[in-house]
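Peer 1: no sequence for this one, just the structure:
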Ligand code: NBG
């Protein structure tokens with residue numbers, strides 16, 4: 001390639017404000033057929049993105065070329081969810097184009113911030129699992145690993161949440177209404193995905209029994225690619241999202257019968273597969289359309305991987321040497337039987353060879369121990385939809401059960417527990433068991449979680465295959481979750497210790513020494529205050545509600561779930577209200593409690609929590625006695641973008657799940673990095689945050705995993721706690737007798753019933769006294785700003801471990817067999833300044 005760039009090309013690749021401006025103008029005119037005089041903000045936004053895309057294309061192509069030429073091992077991260085959020089800011093940060101683009105926008109009469117806000121989140125995920133996948137893509141590119149995301153291009157991402165009369169209502173998230181300029185459709189990358197039909201045995205020329213999957217129906221999976229740039233290292237990886245489309249030609253026979261409309265209608269049916277993301281966080285609903293989505297993702301992805309592999313390498317026996325496939329949760333675990341099917345039925349390998357390749361290529365991550373989340377597909381559904389796969393799963397299971405017998409002798413109960421097929425009234429395929437048996441590594445997402453899966457849900461498997469189990473504590477990308485969302489803090493840090501932290505987050509430890517530097521600490525605390533004011537301005541503008549920026553910003557943002565115990569903070573907030581009412585003149589440390597989060601549309605209890613929070617908030621916010629002291633606010637439609645605004649403004653991070661139930665959490669890491677104190681239980685990654693920041697710098701309370709078990713074993717009675725704690729009793733009585741819902745006094749009986757009559761499974765009441773005590777500690781600390789910000793800084797300085805760069809490096813070394821790609825010079829080389 002020529003090294004000189006023609007003027008024309010410079011417009012497309014030049015990194016100065018001038019070329020960027022030219023390119024924006026050119027896109028306005030020649031791509032969008034408008035001009036700067038008439039373009040509206042949407043059009044301007046679109047040409048800005050196309051301009052940024054122009055600056056990614058060369059690196060995008062070159063990166064792929066380099067991988068091909070160097071025969072780099074490729075990592076495929078298959079996930080039903082990628083919660084990537086907005087992409088513009090991130091691309092600019094990673095390309096180092098922030099200032100230039102701002103200047104170009106300004107020159108053209110547009111305000112960058114306003115343009116940035118035009119972008120709708122790509123909300124292709126429910127929560128932590130999908131956001132983790134997005135952070136991983138950023139880290140793989142930044143580390144220079146050949147890592148590719150594979151997912152589904154849903155027409156509708158996670159629903160939009162509105163609050164009406166205090167209740168959650170769901171609206172479709174029509175994010176593609178005007179298309180997205182970030183995705184490149186690849187008409188040449190399209191694969192048939194087959195369903196239904198039957199498995200037909202035959203004997204091949206060599207006299208071997210083989211199977212053909214026949215009489216299938218199919219849809220096509222069409223590739224849409226979104227570039228994933230690394231941080232200032234010239235690497236651009238790829239996120240490939242499949243869209244379902246109809247078979248190429250319409251069925252002509254129906255045309256002849258005059259059924260044109262029916263034929264066209266069938267197109268719609270086919271496209272339904274990629275229509276909508278299932279909005280359930282940890283509740284398995286066994287709907288056939290979801291199973292179709294999962295197979296659609298697996299089948300198209302494996303076809304794509306193998307096509308690429310064959311072009312470069314040929315011999316499939318070497319697949320594990322050049323390819324690693326990570327299944328994000330059990331959702332893509334049909335990869336096990338599908339890879340087996342391809343290797344045997346299409347490539348002609350025998351069982352043993354196929355099995356060896358499959359197990360060595362695949363690995364699987366578990367993200368929860370909650371039993372209601374574990375996927376179990378009815379055998380009857382699989383038999384109908386994927387008959388050949390079911391047959392293979394039965395064979396895998398048969399061989400596996402033989403091994404269990406060899407290993408453990410005739411232990412019938414154990415065999416029943418470990419079987420991939422559970423028997424009973426409705427036999428079903430246990431997708432987690434399939435994943436453990438059919439892959440070479442299974443990982444949990446935090447140390448405690450990995451220990452727990454070894455001891456509980458996967459104990460039998462751990463005893464049989466101890467070497468398969470490994471921990472990979474989650475992480476977050478410092479680019480989005482500090483550099484981008486909290487620019488003032490990022491700039492301050494860089495001015496003090498340089499910018500190496502952006503790719504080596506543990507370098508933040510250098511800030512430890514700053515706690516006694518008064519000037520620095522003043523700047524650090526001023527930034528928090530400014531962030532709070534910025535959030536307050538946003539809330540004021542959007543809701544007309546005035547936040548008290550002198551108060552502790554006490555924030556709990558995450559999916560609404562009983563085990564996450566939003567109820568405990570709601571009860572505590574109501575208790576604070578009662579305290580002020582009882583004693584209006586007593587000193588009070590002001591607090592502003594902020595909630596946000598979506599409830600699964602079918603999760604009645606979680607939806608009731610939202611209504612309760614809003615009812616408590618109404619009571620508080622309309623009571624003049626609370627002025628300057630207590631506020632409570634539920635922000636609607638929680639999203640990645642909203643998180644980016646809330647986290648930098650938080651003083652207090654609520655991580656209060658029942659011990660043993662939150663696999664890791666990743667919001668906890670984001671808050672700590674941005675200098676919020678954590679109040680939390682010894683659950684998930686909180687345990688490791690405690691280890692890193694030190695026990696003086698985090699407020700831990702409540703039952704441990706062992707104590708939870710012990711309490712349940714010895715016979716927990718929530719009534720005892722109700723009777724023993726007058727403050728708690730009063731709030732529960734108020735909830736029960738309609739104090740917060742005078743128009744419908746029994747409105748919250750499902751909630752109080754779960755606490756009392758159903759004995760409080762999530763131990764809200766058991767932990768409440770310790771929680772209220774811990775909150776006192778928070779109040780005391782907050783009254784001593786010097787001490788408070790010291791602790792806050794220790795949090796910022798000491799959570800470097802939770803960079804997703806570290807997580808990914810661990811996967812690369814221990815699971816993917818590509819540790820040798822690390823440190824090969826593809827990483828960011830540091831600022832030249
Ligand atoms: C979630 C866990 C979180 C964890 C994320 C990412 C599921 C099934 N699991 O604790 O609840 O942080 O996964 O690993 O969504």
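Peer 2: The structure has been received and is ready for your questions. Note that the structure is predicted; figures quoted are calculated from it, not measured.
Peer 1: Near the ligand, which residues of the stretch 1-150 of the chain are found?
Peer 2: With the criterion set to CB under 6 Å from any ligand atom, the stretch 1-150 of the chain comes near the ligand through 127, 128, 129, 132. All C-beta spots, glycine's among them, are computed from the backbone N, C-alpha and C.
Peer 1: Tell me the pLDDT of residue 7.
Peer 2: We note a pLDDT of 62 for residue 7 in this prediction.
Peer 1: again, but for the one 4 residues further on
Peer 2: Reading off the confidence values, residue 11 has pLDDT 90.
Peer 1: just residue 794 next, same as before
Peer 2: Value for residue 794, per-residue pLDDT: 98.
Peer 1: contacting residues around it?
Peer 2: Contact partners of residue 794, counting by CB atoms under 8 Å, 6 or more residues apart in numbering, are 512, 515, 693, 694, 697.
Peer 1: wait, which of the residues you listed is closest to residue 271?
Peer 2: Nearest to residue 271 among those: residue 693, at 48.9 Å, using CB to CB.
Peer 1: Leaving out the residues flanking it, which one is nearest to the closest one?
Peer 2: residue 798 (4.7 Å; CB to CB, 6 or more residues apart in numbering).
Peer 1: Select only the buried ones of the contacts of residue 794 in PyMOL?
Peer 2: Of these, the buried ones can be selected in PyMOL as follows, counting by 16 or more other CB atoms under 10 Å:
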select buried, resi 515+693+697
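Peer 1: Let's see which of the contacts of residue 794 end up in strands.
Peer 2: Nothing among the contacts of residue 794 maps onto strands, per DSSP state E.
Peer 1: can you tell me which of the contacts of residue 794 lies nearest to residue 117?
Peer 2: Nearest to residue 117 among the contacts of residue 794, with distances taken as CB to CB, is residue 693, at 33.9 Å.
Peer 1: Please enumerate the helices of the stretch 601-750 of the chain.
Peer 2: In the stretch 601-750 of the chain, the helices defined using DSSP state H, counting those that start in this stretch lie at 604-621, 640-646, 667-673, 686-693, 705-714, 718-724, 726-737, 749-755.
Peer 1: Please enumerate residues in contact with the fourth one?
Peer 2: Contact with helix 686-693 is made by 446-448, 473, 655, 662, 665, 668-669, 672, 678, 680, 682, 698, 700, 794-795, 798-802, as judged by CB under 8 Å, 6+ apart.
Peer 1: Could you pick out the residues of the chain near the ligand for me?
Peer 2: With the criterion set to CB under 6 Å from any ligand atom, the chain comes near the ligand through 127-129, 132, 281-282, 329, 367-368, 373, 445, 474, 662-666, 684.
Peer 1: What about the residues you listed, which are in strands?
Peer 2: Per DSSP E, the subset of these in strands is empty.
Peer 1: Now do the longest helix along the chain, average pLDDT.
Peer 2: Looking across the chain with DSSP state H, the single longest helix is helix 41-69. Mean per-residue pLDDT for helix 41-69: 97.
Peer 1: now the strands for the stretch 451-600 of the chain?
Peer 2: For the stretch 451-600 of the chain, the strands defined by DSSP state E, counting those that start in this stretch occupy 469-471, 552-557, 591-596.
Peer 1: Off-centre distance for the first one?
Peer 2: Taking CA atoms, centre = their mean, to the nearest Å, one finds strand 469-471 lying 20 Å from the centre of the chain it belongs to.
Peer 1: So what are the sheet partners of that strand and their directions?
Peer 2: Strand 469-471 pairs in its sheet with strand 441-444 (parallel), by DSSP bridges.
Peer 1: Can you tell me, leaving aside adjacent residues, what's nearest to residue 724?
Peer 2: In this structure, residue 724 finds its nearest non-sequential neighbour in residue 769, 7.8 Å apart by CB to CB, 6+ apart.
Peer 1: if we can go back for a sec, columns pLDDT on top of the contacts of residue 794, output as TSV?
Peer 2: Listed next are the contacts of residue 794 as TSV, based on pLDDT from 0 to 100:
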residue	pLDDT
512	96
515	97
693	98
694	98
697	98
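Peer 1: from the contacts of residue 794, which is closest to the ligand?
Peer 2: The ligand lies nearest to residue 693 out of the contacts of residue 794, by CB to the nearest ligand atom, at 18.3 Å.
Peer 1: following the helix or strand of the chain with the lowest mean pLDDT, which helix or strand comes up?
Peer 2: Among the helical and strand segments of the chain, the one scoring lowest on mean pLDDT, DSSP states H and E is helix 252-256, with a mean of 67. Using DSSP states H and E, the helix or strand that follows helix 252-256 in sequence is helix 260-271.
Peer 1: And the residue of the stretch 201-350 of the chain closest to the ligand?
Peer 2: Residue of the stretch 201-350 of the chain nearest the ligand, by CB to the nearest ligand atom: residue 282 (5.0 Å).
Peer 1: For that residue, grab the count of nearby residues.
Peer 2: Residues lying near residue 282 (other CB atoms under 10 Å) number 21.
Peer 1: quick one on the thing from earlier: out of the helices of the stretch 601-750 of the chain, which is closest to residue 51?
Peer 2: Closest to residue 51 of the helices of the stretch 601-750 of the chain, according to CB to CB: helix 640-646, at 21.4 Å.
Peer 1: continuing past the longest helix of the chain, what's the next helix or strand?
Peer 2: Counting by DSSP H and E, what follows helix 41-69 is strand 74-78.
Peer 1: where does the stretch 151-300 of the chain have low pLDDT?
Peer 2: Where the stretch 151-300 of the chain drops to pLDDT under 70, the residues are 248-255.
Peer 1: That one: strands as residue ranges?
Peer 2: Under DSSP E, counting those that start in this stretch, the stretch 151-300 of the chain gives strands at 160-164, 167-171, 184-195, 198-203, 209-214, 217-229, 236-245.
Peer 1: out of these, deepest packed?
Peer 2: Per residue and on average, the most neighbours among the strands of the stretch 151-300 of the chain fall to strand 236-245, with a mean of 23 (mean count of other CB atoms under 10 Å).
Peer 1: circling back to that earlier point, next, the contact list for the residue of the stretch 201-350 of the chain closest to the ligand, please.
Peer 2: Applying CB under 8 Å, 6+ apart, the residues contacting residue 282 are 368, 370, 372, 373, 561.
Peer 1: try residue 740
Peer 2: 574, 612, 615, 616, 618, 619, 734, 748.
Peer 1: now, among the contacts of residue 794, which is nearest to residue 712?
Peer 2: residue 693 (30.0 Å).
Peer 1: Skip ahead from the helix or strand encompassing residue 341 and say which helix or strand is next.
Peer 2: Assessed by DSSP H and E, residue 341 sits inside helix 335-341. Following helix 335-341 in sequence order, the next helix or strand is helix 351-361 (DSSP H and E).
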